[in-house]
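J.: build me a model:
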Amino acid sequence: MNKRAKPGQFERGAPIETLAGTVERVTFHNAKTGFCVLKVQARGKRDLVPGVGQPPREVLNPVARLQEFRTLQHAAAAMSQDSVVARTAEQLVRATDLALQELLTRSRRQ
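T.: Numbers count the residues shown, from 1 in each chain. Below you'll find the model as predicted:
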């Protein structure tokens, strides 16, 4: 059963609950204020959980997310015993490098 919060029920600015997991969808994001509405695959939860508020900046930063993905693929290429997996991971690293270069070029133009 959904419980609705009433005005004044919580301190303004105080987090109600900390949410950890993977952002599956950004429903709304205000670039000026950082406020957003997210759907999160939270640890220990079966269904997507709505998140409302201001997440850490790196959550919505595409450059930071691509850099993290690149690091994971680079590690997979280095550690894999399977040549197909290693080759695919290397291709993903190269593609990610191109995407990062494009994002950084666009951000410099703005």
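J.: going forward, measure contacts and count neighbours with C-alpha atoms only.
T.: Fine.
J.: ranking helices and strands of this structure by mean pLDDT, which lands last?
T.: Within the chain, confidence by mean pLDDT, DSSP states H and E is lowest for helix 57-60 among all helices and strands, at a mean of 61.
J.: give me the mean pLDDT for the next helix-or-strand element following that helix.
T.: Downstream of helix 57-60, the first helix or strand assigned by DSSP states H and E is helix 62-79. In this model, helix 62-79 has an average pLDDT of 76.
J.: by contact count, what packs against helix 62-79?
T.: helix 57-60, helix 83-109 (3 or more C-alpha pairs under 8 Å, 6 or more residues apart in numbering; DSSP states H and E).
J.: got the angle for the longest one vs helix 62-79?
T.: By that I understand helix 83-109. In terms of direction (axes from the mean of the first three to the mean of the last three C-alpha atoms, to 10 degrees), helix 83-109 departs from helix 62-79 by 160 degrees.
J.: helices or strands next to helix 83-109 in the packing?
T.: Helix 83-109 sits against helix 62-79, with contacts defined as 3+ C-alpha pairs under 8 Å, 6+ apart.
J.: what residues does the helix it packs on touch?
T.: 58-59, 85-90, 92-93, 96-97, 100, 103-104 (C-alpha atoms under 8 Å, 6 or more residues apart in numbering).
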